[in-house]
Structures are given as C-alpha cells and as structure tokens.
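In: only geometry, no sequence info:
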C-alpha cells in the first residue's frame with residue numbers, strides 16, 4: 001500500500017470511529033433523556049397518588065365518624081327495645097331510624113393509582129416496596145367497596161321494604177331530609193314497631209356491618225399513612241427524596 005493510500009485508509013478509519021462514536025453518544029443522550037423523562041413522570045405520578053391518599057384519609061375519617069354515630073344510635077335503640085319496661089322515650093328514638101338505616105356509597109379517591117395501573121405507568125415506580133404497599137392498600141379499598149355493596153343490598157333488599165310496610169317514612173326519615181317531605185295524615189304504630197323481631201334483626205345486622213366497616217376504615221387509614229411515610233421518604237428510583245426541593 002502506498003503512503004497516500006495508508007493515509008486515506010487511516011482517515012477513513014478515524015472518520016468511521018467518529019461516526020460510530022457520534023451514534024453511541026446520540027444513543028446515550030437519548031437513553032439519558034428517556035431516563036430523565038421517566039423519572040420526572042414517576043415523580044408526578046407519586047405526587048398525584050400522594051394527593052389521592054390524603055383525600056381518601058380525609059374521606060375515611062369523616063366516614064368513620066358517621067359509622068361510629070350510626071353504631072351508637074343502633075346500640076342505644078337496641079338497648080331500649082330490650083328494656084323491660086320499655087322507656088317512654090322509645091317512640092322518639094324510633095323516629096331516628098332514618099339516621100341508622102341510611103345508605104351511602106364508599107367514594108375513595110384513587111384515580112391516579114387506577115390510571116397508572118390501567119395505562120402501565122405504574123412500572124415507572126421502581127421501588128418494589130412502594131408498589132407492593134400500593135397494591136395492598138388497593139386491596140383493602142376494594143374490600144371496603146364490597147362491604148358497602150353489602151350495605152346497599154341490605155338496604156334495598158330488606159330495610160327499605162320493611163320501612164315501607166311498617167312505618168310512615170316521613171316520620172322516621174333522616175333529619176336533613178324531613179323538611180322537603182310531605183307529612184302523612186296517618187302515623188306509625190310505634191308500639192307494634194317496637195315489638196317487631198324483624199326490626200330487632202335489621203338493627204343488629206346494620207350494627208354488625210358498621211363494626212366491619214369501622215375495622216376496614218381503620219385499616220385504610222393505617223395503610224394510607226404507611227404509604228405516605230414511604231412516599232415522603234423515597235424517590236421513584238429508591239433514593240431518598242430531597243424534601244427541600246419538593
């Protein structure tokens with residue numbers, strides 16, 4: 001090979017190296033950019049989940065207070081029904097049945113987690129402990145939803161038909177609803193109602209469901225609190241978050 005040919009060959013080799021290097025650098029930049037984008041998206045996802053957790057804890061706290069009040073009313077009324085002789089105030093207490101036999105839906109705020117699972121973005125959360133804790137948290141959310149479905153079935157399948165058959169609903173409706181109802185020209189037979197075995201059983205079943213709901217609400221609060229602690233202390237890649245930067 002001539003000297004000029006050797007120079008040309010060397011130049012071509014160097015140019016090839018430069019091209020290959022440029023490609024590798026480009027790939028590296030693209031990979032680093034994709035990694036950066038994934039990390040930022042994971043941060044946004046975890047922030048959205050954190051906001052949902054706080055909202056769900058607030059909802060659970062408010063619902064806990066309502067379920068505790070419901071359970072107290074049911075237990076008090078059962079005690080009055082079991083008393084011998086029955087208290088003179090029993091008819092007034094029976095007028096609170098609407099506050100005991102109230103049907104509500106469980107409305108957790110978990111849109112961010114559900115969207116992340118459905119879209120596959122949950123993979124961006126690389127901390128296995130956080131992902132597992134999220135899944136366990138979601139399990140108790142779903143379980144509580146099934147329990148409230150049981151409440152709904154009991155209300156529409158047993159309680160509502162009973163109240164229609166044995167009460168004048170405007171007399172026992174929830175306090176907040178009575179103002180908009182038309183008062184009937186007839187009255188509930190509270191003495192017969194007090195002696196109803198079916199009423200006793202319905203109150204007992206509602207009290208039982210309230211106890212189950214309260215247990216699950218406590219579990220929701222505990223698991224949400226654990227998640228918030230872990231989210232507050234860890235970044236999506238498992239490293240400790242810079243709280244000042246947040």
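Out: Nice, I can see it. Here the structure is a predicted model, which means the values were calculated and not measured.
In: neighbouring contacts of stretch 59-76?
Out: Identification of contacts with stretch 59-76 by Cβ atoms under 8 Å, 6 or more residues apart in numbering yields 93, 96, 99-100, 102, 104, 106-109, 203, 206-207, 210-211, 213-214, 217-218, 220-221, 224. All C-beta spots, glycine's among them, are computed from the backbone N, C-alpha and C.
In: let's see it at 10 Å
Out: By Cβ atoms under 10 Å, 6 or more residues apart in numbering, the surrounding residues in contact with stretch 59-76 are 93, 96-97, 99-102, 104, 106-109, 141, 144, 148, 202-214, 216-221, 224.
In: chain center to it, what's the gap?
Out: 17 Å (Cα atoms, centre = their mean, to the nearest Å).
In: what comes up buried for that stretch?
Out: 59-60, 63-64, 67, 70-71, 73-74 (16 or more other Cβ atoms under 10 Å).
In: Could I get the full set of strands for the chain?
Out: Using DSSP state E, the chain contains no strands.
In: Which parts of it are helices?
Out: For the chain, the helices defined by DSSP state H occupy 3-82, 90-94, 97-100, 111-119, 128-154, 160-166, 169-172, 175-178, 190-194, 197-233.
In: Ok, which of those helices comes nearest residue 184?
Out: helix 169-172 (5.6 Å; Cβ to Cβ).
In: if we can go back for a sec, with distance to residue 184 and mean pLDDT added, can I get the helices of the chain in CSV?
Out: Below are the helices of the chain laid out as CSV (distance: least, Cβ to Cβ, whole Å; pLDDT from 0 to 100):
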stretch, distance to residue 184, mean pLDDT
helix 3-82, 22, 76
helix 90-94, 16, 95
helix 97-100, 14, 92
helix 111-119, 43, 84
helix 128-154, 25, 89
helix 160-166, 12, 94
helix 169-172, 6, 92
helix 175-178, 12, 78
helix 190-194, 14, 95
helix 197-233, 19, 92
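In: Quick check: which of the ones you listed is buried the most?
Out: Of all the helices of the chain, helix 97-100 has the most neighbours on average by mean count of other Cβ atoms under 10 Å, namely a mean of 22.
In: Go ahead and name everything in contact with that helix.
Out: Residues contacting helix 97-100 (Cβ under 10 Å, 6+ apart): 66, 69-77, 93-94, 159, 162-163, 166-167, 169-178, 188, 193, 199, 202-203, 206-207, 210.
In: ok now that helix, how far from the chain's centre?
Out: Centre to centre, stretch against its chain (Cα atoms, centre = their mean), the figure for helix 97-100 is 25 Å.
In: ok, residue 83 touching residue 90?
Out: Yes: when contacts are counted by Cβ atoms under 10 Å, residue 83 is listed as touching residue 90 (8.2 Å).
In: How about residue 230, nearest residue that isn't a chain neighbour?
Out: Leaving aside its chain neighbours, residue 230 sits nearest to residue 130 (5.5 Å; criterion: Cβ to Cβ, 6 or more residues apart in numbering).
In: Please verify my assumption that that neighbour contacts residue 49.
Out: Yes: assessed by Cβ under 10 Å, residue 130 is found in contact with residue 49 at 9.2 Å.
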